[in-house]
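Trainee: prediction below, plus the sequence it came from.
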Amino acid sequence: MTSRLRRPMAVALGIVAALALCFGPPAAAYAATLAAPSKGTYLTYRYGGQTLYVGAIGTSEQGHVYCIEAGKASDPSYERTKPIPDGDDSRRIAWLAERYRDSRDPQVHAGIGVLAHQHFDRNPQMWSRHWSAIRQQHPDLEGVAERLWNEAGQGMPADVQASYAYGEGLRSGTIDVSVANGSGEPVAGVQYRVTLDGPAEFDGGGRSIEGVSVEQPVRHAWHATGVGDVTVSTAYSRATLQLLVSNQDYVQLGDSTEITGTGIRFAVRKDFTPTLTTQTSSTIVDPGDRIVDTVTSGVAGEQDHWKPGLTLQATGWYFDGIPSDRLDDAMAPESGESAKDFLKRLEAAGYQPSAHGEATFDAPGRQVNVTALAEDGTPYAAPADGGFGTWVWAFERSRQSDEARAYLLHDVVSGFLDATETNANRAQPSVSSTVTEHSATEGTELDDTITVTGFPDDHGSFAGNDVYGVGADTPYAQVRVWWAGDADDPTKDDDYRPDSAREPEEDDHHRLIGTWDYPAANGTIRVGGGEPDAHGNPVHITAETHGWYIFVYEFAGDDRVMPVISAYDDAWERTRVERVDTPTPQIHVEQPAITPTPDRLPEAGAGVLTVAGITAAALAVGAFMLVMIRRRS
């Protein structure tokens, strides 16, 4: 029991001695009491016949306590605490008190005590006298204090700085955090906080993260949760200095406070807008051909970044039968318009898809060759009735996976009648004809009636379209008439009867009689018989020589209509011309019977009768020849 009582008494006496930097009557008791300073936290010196302390004069819950009123009576009790205004002096001493809180180096604490007096002593003149005595007894202490002052200037934080870097586009990245001193050099061991305000969070969750600075920047990863700007605010922890109000005032380490650092701002975006560009495999497509489109994935702009490995499904619709006079009906989807609504608008304008296609993409820059499919899933064949065809492609959000929908916020739809997505489907015309006479004789005028179908109704008037890469219509078709036979021997004409669909080369037995232009359009035309051709010139075709006369219709084709040619050996388009021989007339004169010559010549009448008989015979021969001539003509 006795020993227990003696120790508190000794402690109390030690506190009084430690606090007695100044002389004077003890103050009345206050609300709180300081404990004696720890060993190794002060130095002693002699002044005015007493041994005094410089350094830690006592301890409290906050740590070491340093005197700032030299020459004044001290008391281990104090009334209250209050913060010392912020400033470079208070920051340095607070930093030193925190930095060396656990130190047991008496010179360090004595140096801190010296600095506290130099910058906050209530009686500078009295402190000057004490400081003179201290320097004489501890000549190294002045250098220690100077070193500590500079150390605090270099070690205490003055700002926290942050910088950002993008990783995956605007979708993710890092923030580097460093705490700097007044010279901008990194400071280690300082607590800091970084807070994100906007559509982003740190990896692992949360919009605020704390750390402790090191000599290199500390890196924190973040990712976007939406689209917009993110403000990054920073703060760091800094020690404060407190005043203990007593008969003799003291200073001690105060509570840490959070100081706002330098912030930054940057844009983030989780979603992206993909694109689809297409190029038809051929601008000109013939009936029965498959419709193939090369589809390429992409992104809309510099701030759009495809999520690596993310798969998107694309759907295409193929429209055909579009007449040339509606190429100005190009339509674009409105902002935010879904593929479904865009198709409804096209339907209202009279357009419905004939086929469809699908493609899958997992990155920008991918290409897929897509073949249009019919409703039953088989490859779609281009129609024979012509017109233009075009694709509309879309990334429909509703058709994507749950993961993809987080990055695709709305449908992406291509336009209708985009030039690269449009082709001309050539029409397939057909020709039928019948010559007026399948057999005739030399000198007969020949003609042919030709019926043409399958041309576009406006064929011949389309001047072409540079935007879609389609040339102008070829306005005319040609009709050719051939002769085939043996001009020297009619009996051999049949040896040259057409037996092939292809036209022959000209030679002694094959001759091109003529070629005439006719409008390349639907309708019935008559070739020959004086009917005009496309240029208004009457056409006459006369069978001057026995043999075969063959009519051939040909259209060379253009960007909207396929070529067509009638067969050379088509029996309906040829006429057999025969030679008609004119027999040489034979004159037969009957001789009168010879009678005996009378003794006397007959009378004149007998001579007249003889002449009359001869005349009658001559008239009969003339009549016969006249009949033959008329028959030949």
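Mentor: Yep, it's here. Numbers count the residues shown, from 1 in each chain.

Trainee: going forward, measure contacts and count neighbours with C-alpha atoms only.
Mentor: Noted.

Trainee: quick one: what helix or strand has residue 179 in it?
Mentor: Using DSSP states H and E, residue 179 sits in strand 172-180.

Trainee: tell me which residues of that strand come out buried.
Mentor: The neighbour-count check on strand 172-180 (16 or more other Cα atoms under 10 Å) flags 172, 173, 174, 175, 177, 178, 179, 180 as buried.

Trainee: what does stretch 183-191 give?
Mentor: 185, 186, 187, 188, 190, 191.

Trainee: tell me the contacts of the third one?
Mentor: Looking back up the chat, that one is residue 187. Contacts here follow Cα atoms under 8 Å, 6 or more residues apart in numbering; on that basis residue 187 touches 155, 156, 157, 178, 179, 180, 181, 213, 214, 215.

Trainee: what ranges does the stretch 101-250 of the chain have for its helices?
Mentor: For the stretch 101-250 of the chain, helices defined by DSSP state H, counting those that start in this stretch occupy the ranges 106-120, 124-137, 141-155.

Trainee: same question, the chain
Mentor: Using DSSP state H, the helices found in the chain span residues 2-19, 88-99, 106-120, 124-137, 141-155, 339-348, 402-405, 604-632.

Trainee: mean pLDDT for these: which is lowest?
Mentor: For the helices of the chain, mean pLDDT drops lowest on helix 2-19, to a mean of 35.

Trainee: of the buried residues of stretch 183-191, which belong to strands?
Mentor: Among the buried residues of stretch 183-191, the members falling in strands (DSSP state E) are residue 191.

Trainee: next, format the buried residues of stretch 183-191 as TSV and append distance to residue 531 and pLDDT.
Mentor: Formatted as TSV, those follow (distance: Cα to Cα, whole Å; pLDDT from 0 to 100):
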residue	distance to residue 531	pLDDT
185	103	93
186	102	95
187	105	94
188	106	94
190	106	95
191	104	96
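
Trainee: possible to save the buried residues of stretch 183-191 as a markdown table with distance to residue 525?
Mentor: Below are the buried residues of stretch 183-191 laid out as a markdown table (distance: Cα to Cα, whole Å):
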| residue | distance to residue 525 |
| --- | --- |
| 185 | 97 |
| 186 | 96 |
| 187 | 99 |
| 188 | 99 |
| 190 | 99 |
| 191 | 98 |
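
Trainee: just curious, which of the buried residues of stretch 183-191 is nearest to residue 562?
Mentor: Nearest to residue 562, judged by Cα to Cα, of these is residue 186 at 78.9 Å.

Trainee: now do the same contact list for residue 499.
Mentor: Contacts of residue 499 by Cα under 8 Å, 6+ apart are 568, 569.

Trainee: try 10 Å this time
Mentor: Applying Cα atoms under 10 Å, 6 or more residues apart in numbering, we find residue 499 in contact with 567, 568, 569, 570, 571.

Trainee: next, it: phi, psi?
Mentor: phi -130, psi 20 (degrees, to the nearest 10).

Trainee: what do you get for residue 332?
Mentor: Torsion angles, degrees, to the nearest 10, at residue 332: phi -120, psi 150.

Trainee: what residues does it make contact with?
Mentor: Here residue 332 is in contact with 342, 392, 413, 414, 415, 416, 417, 418 (criterion: Cα under 10 Å, 6+ apart).

Trainee: same list (the buried residues of strand 172-180) but as CSV, adding distance to residue 141 and pLDDT.
Mentor: Below are the buried residues of strand 172-180 laid out as CSV (distance: Cα to Cα, whole Å; pLDDT from 0 to 100):
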residue, distance to residue 141, pLDDT
172, 54, 96
173, 51, 97
174, 47, 98
175, 44, 98
177, 37, 97
178, 34, 96
179, 31, 96
180, 29, 95
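
Trainee: as TSV, those with distance to residue 540 would be great.
Mentor: Output for the buried residues of strand 172-180, formatted as TSV (distance: Cα to Cα, whole Å):
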residue	distance to residue 540
172	84
173	86
174	90
175	92
177	98
178	101
179	104
180	105
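
Trainee: between those, which is nearest residue 306?
Mentor: Proximity of the buried residues of strand 172-180 to residue 306 (Cα to Cα) peaks at residue 172, which lies at 12.3 Å.

Trainee: can you pull the pLDDT of the nearest residue to that closest one once chain neighbours are set aside?
Mentor: Spatial nearest neighbour of residue 172, chain neighbours left out: residue 223 (4.1 Å); criterion: Cα to Cα, 6 or more residues apart in numbering. On pLDDT, residue 223 comes in at 97.
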